[in-house]
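1. For reference, the sequence and a predicted model appear below.
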Amino acid sequence: MPAARKLWAMCGRHPWMAHAMGGFTRPSATPQAMRYTERVLSNLKGTGLDPHDMIYTHLTLFAYVQGLVVAVESEDRALQDTGMSGDEWMARNEPQFEAITAAGTYPLLNSMLEQGEFELDIDTLFEFGLRRTLNGVGAMIGNTRQMPPKRPVNERDHSGNGRFLANLLMRS
């Protein structure tokens with residue numbers, strides 16, 4: 001789904017967007033946010049998903065991108081606040097990590113660490129997670145096509161604003 005990759009790229013250029021786009025119970029009423037939502041829903045149209053599942057799929061993908069962007073933004077803020085890069089921070093904290101792992105309480109983690117250094121690449125992490133998420137959506141679509149029609153959309157939710165969001169997204 002190219003929309004998630006476009007959102008990731010846009011937030012990479014403008015990390016503040018992850019916060020500006022708001023949360024799920026108080027979505028931003030902007031043409032750009034609505035255009036993005038419309039694009040995702042258009043990609044899901046004709047898949048056999050009911051409107052409820054389409055909205056939840058959209059929100060799941062958005063939450064995935066938003067969560068990674070917020071994590072990157074936090075790392076950038078930590079660099080600014082401490083003046084230490086991620087590598088410098090790890091080197092400074094290595095004795096503490098070694099003291100914790102030396103007790104042998106975490107054998108699986110220890111064996112993985114003994115395999116060598118792990119270099120986290122945020123774009124690789126994004127693609128890894130996006131592929132797994134989309135595989136799950138694909139499986140859900142495959143299952144939906146094999147199942148009888150679902151019950152009507154239940155507009156109740158625990159946030160108090162779910163009906164507003166569902167109605168807003170259903171108007172297009």
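-> Looks like it arrived, so ask away.
2. give me phi/psi at P27?
-> Dihedral angles of P27 (phi, psi; degrees, to the nearest 10) stand at phi -70, psi 150.
3. A20 is in contact with that one, correct?
-> No - using C-beta atoms under 8 Å, P27 makes no contact with A20, being 11.6 Å away. (Glycine included, C-beta is placed from N, CA and C.)
4. Of the two, which one has the most company?
-> Per other C-beta atoms under 10 Å, whichever of P27 and A20 has more neighbours is P27, with 19 against 13.
5. Bridge partners for that one, pull those for me.
-> G22 (DSSP bridges).
6. Grab the longest helix from this structure for me.
-> Counting residues, the longest helix found in the chain (DSSP state H) is helix 51-82.
7. if you average pLDDT over that helix, what comes out?
-> Across helix 51-82, the average pLDDT comes to 90.
8. Which elements pack onto that helix?
-> helix 2-13, helix 17-20, helix 31-44, helix 86-102, helix 122-146, helix 162-170 (3 or more C-beta pairs under 8 Å, 6 or more residues apart in numbering; DSSP states H and E).
9. mind putting the ones you listed in a markdown table, mean pLDDT and distance to Y56 included?
-> Formatted as a markdown table, these follow (pLDDT from 0 to 100; distance: least, C-beta to C-beta, whole Å):
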| stretch | mean pLDDT | distance to Y56 |
| --- | --- | --- |
| helix 2-13 | 87 | 15 |
| helix 17-20 | 77 | 20 |
| helix 31-44 | 88 | 10 |
| helix 86-102 | 89 | 34 |
| helix 122-146 | 90 | 10 |
| helix 162-170 | 42 | 10 |
